[in-house]
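> Please find the sequence and the predicted model below.
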Amino acid sequence: MTDRKAASPSFPATRMRRNRKADWARRLVAENTLSVNDLLWPLFLVDGENKRESVPTMPGVDRLSVDEAVRAAEEAASFGIPVVALFPYTAADKRNPTGSLAHDPENLVCRATRAIKEAVPNIGVLCDVALDPYTSHGHDGLLSGDIIQNDETVEALVKQALVQVEAGCDIIAPSDMMDGRIGAIRKGLEDAGHKDTQIMSYAAKYASAFYGPFRDAIGSSGALKGDKRTYQMDPANGNEALREVALDIAEGADMVMVKPGLPYLDIVTRVKDEFGMPTFAYQVSGEYSMIAGAIERGWFDRDRVIVESLTAFKRAGADGVLTYFALDAAKLLAKG
Ligand code: PBG
């Protein structure tokens with residue numbers, strides 16, 4: 001970068017407002033542009049048929065039965081959204097301490113993956129890998145007493161990833177933050193001949209209060225005992241995120257993710273600058289609900305705040321964003 005002072009003469013030779021004087025002029029100098037290709041759309045699944053169930057803490061977001069999820073994926077594909085991400089709601093009576101439903105090939109995620117891949121072959125399906133939708137204690141891993149067992153959990157995650165890939169999942173997204181899971185899953189995939197399965201690791205995932213509404217959406221909030229601070233990162237740390245990302249890349253991640261999104265844009269920028277990897281951010285449930293709640297009350301201009309919040313990710317260096325606003329944003333972008 002050249003010396004900015006030398007490059008720009010002072011006022012009035014320089015008037016910054018010249019380039020902002022009209023819509024066409026602003027478009028001409030825009031440094032970043034949000035496109036539909038930047039959007040990954042998380043969907044919540046629920047058992048049943050023809051069912052849409054609202055998530056009370058996420059205005060405008062529903063849990064969808066598999067047939068409804070297929071319709072949602074069709075609509076997403078019709079707008080050019082590249083990927084849907086699947087998250088199951090699991091009732092308390094289907095959960096157990098080991099979360100064994102996670103590696104049942106007939107679980108909701110696997111059924112939805114098969115149905116979407118069959119009906120909408122040109123959309124990518126991303127599946128989260130973590131045990132929390134299935135455990136009775138709501139943790140992402142296996143417990144012994146109140147300690148999460150890292151290596152035993154990793155074995156369960158490999159099994160979970162394999163059933164999802166066998167159902168047709170394109171992108172495996174481990175969100176559990178166990179050590180060594182990317183390497184183990186990569187090896188499991190290669191050994192089973194799944195050479196083209198992408199891994200998008202939740203590489204820098206923080207122990208965040210912004211996940212509150214998501215836990216409600218998947219039925220974990222009542223279940224969760226304690227917190228996730230022994231595996232998810234401390235929000236105070238930045239350098240540690242780079243170490244996490246470096247390890248996941250070395251173990252075989254194709255893409256990395258930072259999560260949450262807006263409060264962690266500094267991390268997105270540092271990760272992108274340091275590694276130059278395909279880098280994604282997750283505008284998580286709490287971020288969505290803050291914005292959607294304010295829109296609902298008429299406090300924010302809906303269209304503008306959606307595009308502004310997502311464009312911020314692009315400016316920070318993200319290649320794409322997982323966002324519950326994906327379909328809304330795609331519609332806005334299609335309108336131009
Ligand atoms: C599960 C998982 C979580 C999210 C994605 N995968 C929650 C958590 O770690 O407790 C959060 C997504 C969101 O808040 O939108 N491991």
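Here it is on my side, so go on. Numbering: from 1, shown residues only.

> Which residues of the stretch 51-200 of the chain lie near the ligand?
128, 130, 132, 140, 175-176 (CB under 6 Å from any ligand atom). (C-beta placed from N, C-alpha, C; glycine too.)

> give me that answer again for 8 Å
87, 128, 130, 132-133, 140, 175-177 (CB under 8 Å from any ligand atom).

> bridging residues for Lys259?
Lys205 (DSSP bridges).

> And the pLDDT for it?
At Lys259, the pLDDT value in this model is 98.

> same deal with Gly336?
77.

> Any regions of the stretch 201-336 of the chain where pLDDT drops low?
Filtered on pLDDT under 70, the stretch 201-336 of the chain yields no residues whatsoever.

> And the helices in it, which stretches?
212-218, 239-251, 265-275, 285-296, 302-316, 326-335 (DSSP state H, counting those that start in this stretch).

> where does Ser54 sit relative to Val120, distance-wise?
Distance, Ser54 to Val120, using CB to CB, to the nearest Å: 24 Å.

> Looking at those two, which one has more neighbours?
Neighbour count, other CB atoms under 10 Å: between Ser54 and Val120, Val120 has more, with 20 against 11.

> related to what we said a few turns ago, what's the most buried one of the helices of the stretch 201-336 of the chain?
Ranked by mean neighbour count, the helices of the stretch 201-336 of the chain are led by helix 212-218 with a mean of 21 (mean count of other CB atoms under 10 Å).

> Distance from the chain centre to that one, please.
14 Å (CA atoms, centre = their mean, to the nearest Å).

> how about the CA coordinates for it, as CSV?
Output in CSV follows, covering the C-alpha atoms of helix 212-218 (Å, rounded to 0.1, in the frame of the first residue of the first chain):
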residue,chain,number,x,y,z
GLY,A,212,-28.9,-19.2,22.7
PRO,A,213,-31.8,-19.2,20.1
PHE,A,214,-30.1,-22.1,18.1
ARG,A,215,-30.2,-24.3,21.2
ASP,A,216,-33.9,-23.5,21.5
ALA,A,217,-34.3,-24.4,17.8
ILE,A,218,-32.7,-27.8,18.1
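
> ok, residues contacting it?
Helix 212-218 has contacts (CB atoms under 8 Å, 6 or more residues apart in numbering) with 44, 55-58, 61, 63, 87-90, 132-133, 138, 221, 224, 284-286, 288-289.

> just checking, which of these belong to strands?
Secondary structure defined by DSSP state E assigns 44, 63, 87-88 of the contacts of helix 212-218 to strands.

> now, which of those sits nearest the ligand?
Nearest to the ligand, judged by CB to the nearest ligand atom, of the ones in strands among the contacts of helix 212-218 is Phe87 at 6.9 Å.

> Do I have it right that the closest one meets Val55?
No - Phe87 is not in contact with Val55 according to CB atoms under 8 Å; the separation is 10.7 Å.

> Many thanks, have a good one.
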